[in-house]
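J.: Sequence first, predicted coordinates after that:
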Amino acid sequence: MIISASRRTDIPSYYSEWFCNRLEEGYVLVRNPMNFHQISKVSLSPEVVDGIVFWTKNPVPMLKKLKQLEKYNYYFQFTLTPYGPEIEKNLPSKNRVLIPAFQQLSDEIGKERVVWRYDPIFISDRYTIEYHCRYFEVLASKLAPYTEKCTVSFIDLYNKTEQNMKLLKIQWVTSEHQVELLQRFVETAKKYNIYIDTCAEVCDFTDIGVFPAHCIDKERFEKIGKYRLHVGKDKNQRSECGCIESIDIGAYDTCQNGCLYCYANRSESRVNTNYEKHDCHSPLLFGVPDEKDTVKERSVRSFADRQMTLFD
């Protein structure tokens with residue numbers, strides 16, 4: 001079993017103490033996002049957890065807790081973009097905090113366990129193609145010694161973020177513009193000895209050497225853990241997604257990063273209400289189970305074959 005922590009919220013930034021408490025107690029409760037009163041009890045035993053993917057824009061609160069992860073194979077998807085505080089409202093300074101955090105994290109756990117994400121990409125009067133190309137190189141020059149690759153994607157529009165999208169004044173980007181931008185990114189990435197892949201994009205960019213990403217990545221886990229994983233594609237994700245099967249332990253409407261483009265939050269007020277219900281000792285990310293809830297233990301198992309072969 002692979003744990004995703006989490007596509008739905010920034011656990012390392014806001015819920016790292018809760019997460020470590022869950023590891024210590026050996027399980028977590030997760031509400032079904034489609035059925036609020038249906039709760040799954042998921043084991044976090046190292047015997048069944050083959051790996052953990054952390055998704056974050058600020059791992060600083062997690063840096064002092066890395067020793068608590070020693071029994072697990074894991075890596076970080078670290079999103080670092082060129083957008084200002086008018087877009088990513090609650091993030092600390094990129095130069096003073098986040099870039100140094102990226103570098104420190106890589107120094108402590110290894111560059112193969114820190115994946116740089118430059119997403120979502122959108123174009124506006126301020127954030128032009130030239131702007132992106134210029135700041136992609138700035139970031140690449142600072143991050144290249146600390147990672148192997150950069151995963152990019154273009155913004156997707158969702159009903160729940162429609163109002164925020166109007167504030168961004170996004171310009172329509174043609175497939176030709178996407179190719180132009182990625183070609184220039186590829187040239188920069190080669191210069192700094194990293195490679196580019198794309199997350200869940202409909203367009204095919206293989207002609208310019210950019211292949212689809214596997215953000216929850218079987219090969220990366222096999223490399224880190226030195227085992228074979230017998231696990232297939234995640235059927236619960238959209239068809240363009242290359243991720244392997246995983247269980248997400250986060251919750252929507254709980255991330256306080258405040259990014260205008262975020263699909264995981266419906267409103268700031270809902271996020272604040274849920275955050276107030278957070279208790280780092282609760283098995284749920286926010287709130288506690290009550291009499292209306294049904295809790296069922298989820299059947300999980302390891303997909304790992306840890307026997308070495310002649311080819312290992």
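T.: Thanks, I have it. Residues are numbered from 1 along each chain as shown.

J.: Can you name the element that comes right after the helix or strand hosting Lys190?
T.: Here Lys190 sits within helix 175-191, counting by DSSP states H and E. Next helix or strand after helix 175-191 toward the C-terminus (DSSP H and E): strand 195-198.

J.: Contacts for the helix holding Lys190, please.
T.: Helix 175-191 is contacted from outside by 121, 123, 129, 132-133, 136-137, 140, 150, 152, 154, 195-196, 198, 203, 205, 208-210, using C-beta atoms under 8 Å, 6 or more residues apart in numbering. Every residue, glycine included, has its C-beta placed from N, CA and C.

J.: Just the CA atoms of it, as PDB, please.
T.: Extracted in PDB, the C-alpha atoms of helix 175-191 (Å, rounded to 0.1, in the frame of the first residue of the first chain):
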ATOM      1  CA  SER A 175      -1.200  24.100 -27.500                       C
ATOM      2  CA  GLU A 176       1.400  26.000 -29.600                       C
ATOM      3  CA  HIS A 177       2.100  28.200 -26.600                       C
ATOM      4  CA  GLN A 178       2.400  25.200 -24.300                       C
ATOM      5  CA  VAL A 179       4.900  23.600 -26.700                       C
ATOM      6  CA  GLU A 180       6.900  26.800 -26.900                       C
ATOM      7  CA  LEU A 181       7.100  27.200 -23.200                       C
ATOM      8  CA  LEU A 182       8.000  23.600 -22.500                       C
ATOM      9  CA  GLN A 183      10.700  23.700 -25.200                       C
ATOM     10  CA  ARG A 184      12.300  26.600 -23.500                       C
ATOM     11  CA  PHE A 185      12.000  24.900 -20.100                       C
ATOM     12  CA  VAL A 186      13.600  21.700 -21.600                       C
ATOM     13  CA  GLU A 187      16.600  23.800 -22.800                       C
ATOM     14  CA  THR A 188      17.000  25.300 -19.400                       C
ATOM     15  CA  ALA A 189      16.600  22.000 -17.600                       C
ATOM     16  CA  LYS A 190      19.300  20.400 -19.700                       C
ATOM     17  CA  LYS A 191      21.600  23.300 -18.900                       C
END
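
J.: For it, buried residues please.
T.: Under the neighbour-count criterion of 16 or more other C-beta atoms under 10 Å, helix 175-191 has 178, 181-186, 188-189 buried.

J.: Give me the buried entries from the contacts of helix 175-191.
T.: 121, 123, 129, 132-133, 136-137, 140, 150, 152, 154, 196, 198, 205, 210.

J.: among the residues you listed, which are in strands?
T.: 121, 150, 152, 154, 196, 198 (DSSP state E).

J.: for the residues you listed, which one is nearest Glu268?
T.: Taking C-beta to C-beta as the measure, Glu268 sits nearest to Ile121 out of those, at 23.8 Å.

J.: tell me the contacts of the nearest residue in space to that closest one that is not next to it in sequence?
T.: In space, and not counting its chain neighbours, Ile121 is closest to Phe154: 5.0 Å by C-beta to C-beta, 6 or more residues apart in numbering. When contacts are counted by C-beta under 8 Å, 6+ apart, Phe154 touches 119-122, 173, 178, 201.

J.: which stretch of helix or strand covers Phe54?
T.: Going by DSSP H and E, Phe54 is part of strand 51-56.

J.: give me the low-pLDDT residue ranges for the stretch 51-200 of the chain?
T.: 158-162 (pLDDT under 70).

J.: quick one, helices of it?
T.: Ranges of helices within the stretch 51-200 of the chain are 99-109, 129-143, 162-168, 175-191, based on DSSP state H, counting those that start in this stretch.

J.: burial measure for Glu268, as a count.
T.: 12 (other C-beta atoms under 10 Å).

J.: Next, give phi and psi for it.
T.: Backbone geometry at Glu268, expressed as degrees, to the nearest 10, gives phi -60, psi -40.

J.: Skipping its backbone neighbours, what lies nearest it in space?
T.: For Glu268, ignoring the flanking residues on the chain, the nearest one in space by C-beta to C-beta, 6+ apart is Gly258 at 7.0 Å.

J.: Then Tyr72?
T.: Leaving aside its chain neighbours, Tyr72 sits nearest to Ile52 (5.5 Å; criterion: C-beta to C-beta, 6+ apart).

J.: Could you verify my assumption that that neighbour touches Ala5?
T.: Yes: counting by C-beta atoms under 8 Å, Ala5 is a contact partner of Ile52 at 5.8 Å.
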